[in-house]
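Undergrad: Take this sequence and fold it.
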Amino acid sequence: MAAKMGEAMGSIPAADEDWENAPDDRPHTDVSRFLNGVYPDFRRASWRQDSFYTQLAGTGDTGTKDGVRTVLEGPTVLANEATACDLHAPLISVFFFGSFRAYFNGLPITGWASTKARSLFRFLVANRATGATREKILDALWPETDGDSSGNSLRVAVHSLRKAVAESDGDSDPRKLVRFEHGVYRWDPGIVFWIDTEEFEQHYLRGLELERSGAHSEAARELMLADRLYAGDFTEDGYEDWALLKSEALKDKGLSVLARLIQHAVNEGDFEDTVHLCQKILERDPCREDAYRWLMLAYARMGQRSRVLAWYRVCAEILQHELDVEPSPETEGLLNDLLS
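TA: Numbers count the residues shown, from 1 in each chain. Model prediction:
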């Protein structure tokens, strides 16, 4: 089947007969059954399922063999396959964007005894490269609590974290998951991690590199994959002080991804996609004046002058309400040029 998939996985078992023998354009709702047949351990590795279905949804074709192959044979399907390597290693997959969720060996981690245990999990995942000292954790999660009380709270949270992760698959020693060595809390080095924010940043950086080299179509593909991963702001479902800088940095990169995709869409003359991308930017930052200008330009190119004026008025109203400013001379000039 897919060459890249075969190279990464070795020999591929036979697919589900009914599905494989169906016409390429015939819808088939049981995509997961097919994938479990051709892709070893697909069911176990839920990070692969989320990655796959995110990309599949982006093709607009979620039920046919052609739609599935578009993703399976793509250049970055299951991008961590080369580094994840051992399918039998303990695997923790974490989704920080939007609604937080985490899996251990493909099974959801849900048994949080407290919000602090969940916060500690997120903090240790975000700092897993270096680990975190007791003092660093206490400053981040118990900043206003005295030493003895916060120390006890940390020990309880660590115990609850270990238990929640271990119980999600029922086959792990809780004590080995998070270790305390030389004054530092760190994850067992044998655990493999897949994290959506890191995958996002990898696609983003590859997109920038390709853009600088003049490979604009390839850059756009990387940026589109980054955008699909951005399902919402970092820790969107629970504000935490320690995450503020990370959240804003990722938001800036998410907006940069969209701005670059808009420029690509305009250069390709795809003004419907330009409109869609501009509206996505404005959902995240309604004061982005450049997005209003791209919207106005796109509608003008599609011959919809009334929409040009409508979006200018929205721009003026929001800037006045949010920032107490008027549209810039650049925006005013564009409006006059487009309506003249």
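
Undergrad: Sketch out the low-pLDDT regions of the chain for me.
TA: Counting by pLDDT under 70, the chain contains low-confidence ranges at 1-89, 147, 170-171, 238.

Undergrad: if you go through it in chain order, where are the strands?
TA: Assigned by DSSP state E, the chain shows strands spanning 91-95, 101-104, 107-108, 132-133, 178-181, 184-187, 192-195.

Undergrad: Give me whichever of the ones you listed is most buried.
TA: Sort the strands of the chain by mean neighbour count, taking mean count of other CB atoms under 10 Å, and strand 91-95 sits at the top with a mean of 23. Where C-beta positions appear, they are placed from N, C-alpha and C, glycine not excepted.

Undergrad: Sheet partners, orientation included, of that strand?
TA: Its sheet considered, strand 91-95 pairs with strand 101-104 (antiparallel), strand 192-195 (parallel) by DSSP bridges.

Undergrad: Next, name the residue at the spatial heart of the protein.
TA: By CA atoms, centre = their mean, the chain has its centre lying nearest to residue 229, at 2.6 Å.

Undergrad: Apart from its chain neighbours, what residue comes closest to it?
TA: Leaving aside its chain neighbours, residue 229 sits nearest to residue 200 (4.3 Å; criterion: CB to CB, 6 or more residues apart in numbering).

Undergrad: before we move on, what about residue 143?
TA: Residue nearest to residue 143 in three dimensions, not counting chain neighbours: residue 241, with 7.4 Å by CB to CB, 6+ apart.

Undergrad: if I read this right, that neighbour contacts residue 140, doesn't it?
TA: Yes: at 7.2 Å, residue 241 and residue 140 qualify as touching, with contact defined as CB atoms under 8 Å.

Undergrad: So these two - more neighbours on which side?
TA: Per other CB atoms under 10 Å, whichever of residue 241 and residue 140 has more neighbours is residue 140, with 18 against 10.

Undergrad: Would you map the helices across the stretch 101-250 of the chain?
TA: Using DSSP state H, counting those that start in this stretch, the helices of the stretch 101-250 of the chain run over 115-126, 134-141, 147-169, 174-177, 196-212, 216-229, 244-267.

Undergrad: show me the contacts for the residue nearest to residue 229.
TA: Shown in contact with residue 200 (CB atoms under 8 Å, 6 or more residues apart in numbering): 97, 226, 229, 230, 250, 253, 254.

Undergrad: now residue 113
TA: Each residue near residue 113 by CB under 8 Å, 6+ apart is listed here: 160, 163, 164.

Undergrad: swap in residue 128?
TA: Residue 128 makes contacts with 186, 187, 193, as judged by CB under 8 Å, 6+ apart.

Undergrad: any idea which of the residues you listed is the one closest to residue 265?
TA: residue 193 (33.7 Å; CB to CB).

Undergrad: residues touching the closest one, list them.
TA: By CB under 8 Å, 6+ apart, residue 193 lies in contact with 91, 92, 93, 94, 125, 128, 187.

Undergrad: Quick check: beta-bridge partners of the fourth one?
TA: Put plainly, it is residue 94. Beta-bridge pairing of residue 94 under DSSP bridges involves residue 102, residue 195.

Undergrad: want to throw the helices of the stretch 101-250 of the chain into a markdown table with distance to residue 107?
TA: Output for the helices of the stretch 101-250 of the chain, formatted as a markdown table (distance: least, CB to CB, whole Å):
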| stretch | distance to residue 107 |
| --- | --- |
| helix 115-126 | 15 |
| helix 134-141 | 26 |
| helix 147-169 | 5 |
| helix 174-177 | 14 |
| helix 196-212 | 18 |
| helix 216-229 | 22 |
| helix 244-267 | 27 |
